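Visitor: model the structure of this input:
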Amino acid sequence: MSGAEDGRSGGSGVRAGGTAGPVRSGATAGEQDAVIAALIPVIDGIAATLGSFCEVVIHDFRRPEHSIVALAGSVTGRGPGGSMSEIGMQLLARGDQARDELNYLTRTHDGKMVKSSTVVLRDSGGAVFGALCVNLDITSVNQAHALIGEIAGVGVSPAAVPTTTFGDDIGAVLDAIVDERQLRQNKPWSQLGRAERLQLFRDLDRRGVFAVRGAVQQVAARLGISRASAYNYLSAARSAADDDAELPDGTA
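Guide: The predicted structure is shown next:
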């Protein structure tokens, strides 16, 4: 998960406006807001220390459609009020069971290789309400590593790095997740069996897709089915103990 601005200015993090959503524990919204406010000068210091290839972001999970509330540096091309990536959605889906994700690699759609660490933010009650993310553009470092290895005759084939959708529009992120899941099945929706359709909705739910407002309607449009059908499949996917569970009547 990560975010970016159009460019840094004078060592001051950019912050998005807006009202935070509901608090998920006994802690007050004020406490959670205070944690975020205290971290804003911290992200400026981290970005300034690590340089122009670094981006540091604060996400507020209480507003998943526009989770980026502050950022310093620019790697993934997003701005204040931008959305979380599918990595963030997975953390959101885990709720208070979410754990830090450290030193993972991903690739942007424009080809940048990014090394990231995501540290979840918790209030005094233990509830996860956001994340602090550090993203490093290591594209040039990776290219130099490959070149040196080739010259030394010890080149190693690079491991596959997953591509992640970063953007200010949460809709683009949702579409990318749905498309990637369908590509893995190598079949259009119309050719999927009942168990495969249930599994698709189960996977999307586990990845946090349906925690986003309006996601069911958008997934339905992407799959070419009615909103009512999408709700029925989601309900069945959540309640089914296994692939033999029956779908609700009236789905298509």
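Visitor: hey, where'd the strands end up in the stretch 151-252 of the chain?
Guide: Using DSSP state E, counting those that start in this stretch, no strands are found in the stretch 151-252 of the chain.
Visitor: what about the strands in the stretch 1-150 of the chain?
Guide: Taking DSSP E, counting those that start in this stretch, the strands of the stretch 1-150 of the chain run over residues 14-15, 54-60, 68-73, 101-107, 113-122, 128-137.
Visitor: just checking, what packs against the fourth one?
Guide: What it means is strand 101-107. With contacts taken as 3 or more Cβ pairs under 8 Å, 6 or more residues apart in numbering; DSSP states H and E, strand 101-107 sits against helix 86-94, strand 113-122. C-beta here means a position set from N, CA and C on the backbone, and glycine is covered the same way.
Visitor: circling back: now the strands of the stretch 1-150 of the chain as TSV including mean neighbour count?
Guide: What follows is the strands of the stretch 1-150 of the chain, written out as TSV (neighbours: other Cβ atoms under 10 Å):
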stretch	mean neighbour count
strand 14-15	19
strand 54-60	27
strand 68-73	28
strand 101-107	15
strand 113-122	19
strand 128-137	24
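Visitor: still on that earlier bit, ok, which of the helices and strands packed on strand 101-107 comes nearest Ser239?
Guide: Closest approach to Ser239 among those is made by helix 86-94 (17.1 Å; Cβ to Cβ).
Visitor: for that closest one, packing partners?
Guide: Using 3+ Cβ pairs under 8 Å, 6+ apart, the elements in contact with helix 86-94 are strand 101-107, strand 113-122, strand 128-137, helix 170-185, helix 194-206.
Visitor: for the record, mean pLDDT for the first one?
Guide: When pLDDT is averaged along strand 101-107, the result is 88.
Visitor: restrict that strand to CA atoms and write it as PDB.
Guide: Extracted in PDB, the C-alpha atoms of strand 101-107 (Å, rounded to 0.1, in the frame of the first residue of the first chain):
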ATOM      1  CA  GLU A 101       3.900  -6.100   6.000                       C
ATOM      2  CA  LEU A 102       7.600  -5.400   5.700                       C
ATOM      3  CA  ASN A 103      10.100  -5.300   2.700                       C
ATOM      4  CA  TYR A 104       7.800  -6.600   0.000                       C
ATOM      5  CA  LEU A 105       8.200  -6.000  -3.700                       C
ATOM      6  CA  THR A 106       5.700  -4.900  -6.200                       C
ATOM      7  CA  ARG A 107       5.600  -3.300  -9.600                       C
END
